[in-house]
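Trainee: Prediction below, plus the sequence it came from.
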Amino acid sequence: MTTTEWITDIALILVVFRQLREGRLDLRTFLIPLGIVAFVAHTYLDSVPTAGNDLILVAALMAAGAVLGIAGGVYTRVRTAGEHILIKAGAVSAILWVLGMGARMGFQLWTEHGGGADDVARFSVAHHITSDQAWVAAFVLMALTEVVTRLGTIFVRSRMLTAGQSAPASNRVAVRP
């Protein structure tokens with residue numbers, strides 16, 4: 001792995017630790033993780049191969065990313081304090097984030113340095129995965145999907161919370177973190 005790959009992988013893992021301490025939901029909450037995955041996508045996502053079962057691999061890993069992202073967003077505490085929206089990643093959210101981001105990093109280490117390249121090649125041939133780029137695209141899009149769905153879930157939850165507070169007291173619906 002290159003130094004850039006180490007830095008981006010570790011940065012993506014560390015993003016959630018910033019949210020273990022409760023803080024304001026602001027533009028930085030969205031821009032930092034989106035900026036990192038945008039950089040990764042720009043750097044490593046040349047194309048999305050469509051031959052063989054490449055799209056099935058991509059779709060499967062994107063679905064896994066969506067599940068991890070939505071669950072991570074659901075298990076992030078969202079509440080108001082005065083006029084501010086506060087968020088705090090719970091233990092489940094942090095574990096899911098590290099699991100998703102760490103799995104990609106682990107896969108890369110295993111294939112590059114742990115002897116997994118031959119196993120992945122055999123799997124690829126047996127399942128009609130046509131190139132290394134299919135794996136790259138699948139993992140990059142998985143990360144992108146996890147980030148976008150987690151942030152989207154947090155955003156929707158924050159809007160539901162503020163919408164409930166702007167309603168008359170008799171019409172308010174409690175939103176539980």
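Mentor: On my side now, so go ahead.
Trainee: just checking, what packs against the longest helix seen in the chain?
Mentor: Longest among the helix segments of the chain by residue count, using DSSP state H, is helix 132-166. With contacts taken as 3 or more Cβ pairs under 8 Å, 6 or more residues apart in numbering; DSSP states H and E, helix 132-166 sits against helix 27-44, helix 54-74, strand 76-81, strand 84-89, helix 91-113, helix 117-126. All C-beta atoms are positioned from the backbone trio N, CA, C, and that covers glycine.
Trainee: export the ones you listed to CSV and tack on distance to Arg159, mean pLDDT and mean neighbour count?
Mentor: CSV is the format used below for the helices and strands packed on helix 132-166 (distance: least, Cβ to Cβ, whole Å; pLDDT from 0 to 100; neighbours: other Cβ atoms under 10 Å):
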stretch, distance to Arg159, mean pLDDT, mean neighbour count
helix 27-44, 13, 91, 15
helix 54-74, 13, 96, 19
strand 76-81, 10, 94, 18
strand 84-89, 9, 93, 18
helix 91-113, 19, 89, 17
helix 117-126, 41, 94, 12
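Trainee: is it possible to export the ones you listed to CSV including distance to Leu12?
Mentor: Listed next are these as CSV, based on distance: least, Cβ to Cβ, whole Å:
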stretch, distance to Leu12
helix 27-44, 6
helix 54-74, 12
strand 76-81, 16
strand 84-89, 14
helix 91-113, 5
helix 117-126, 22
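Trainee: out of these, which comes closest to Thr153?
Mentor: For these, the distance to Thr153 is smallest for helix 54-74, at 2.5 Å, taking Cβ to Cβ.
Trainee: now that closest one and strand 84-89, what's the angle there?
Mentor: 120 degrees (axes from the mean of the first three to the mean of the last three Cα atoms, to 10 degrees).
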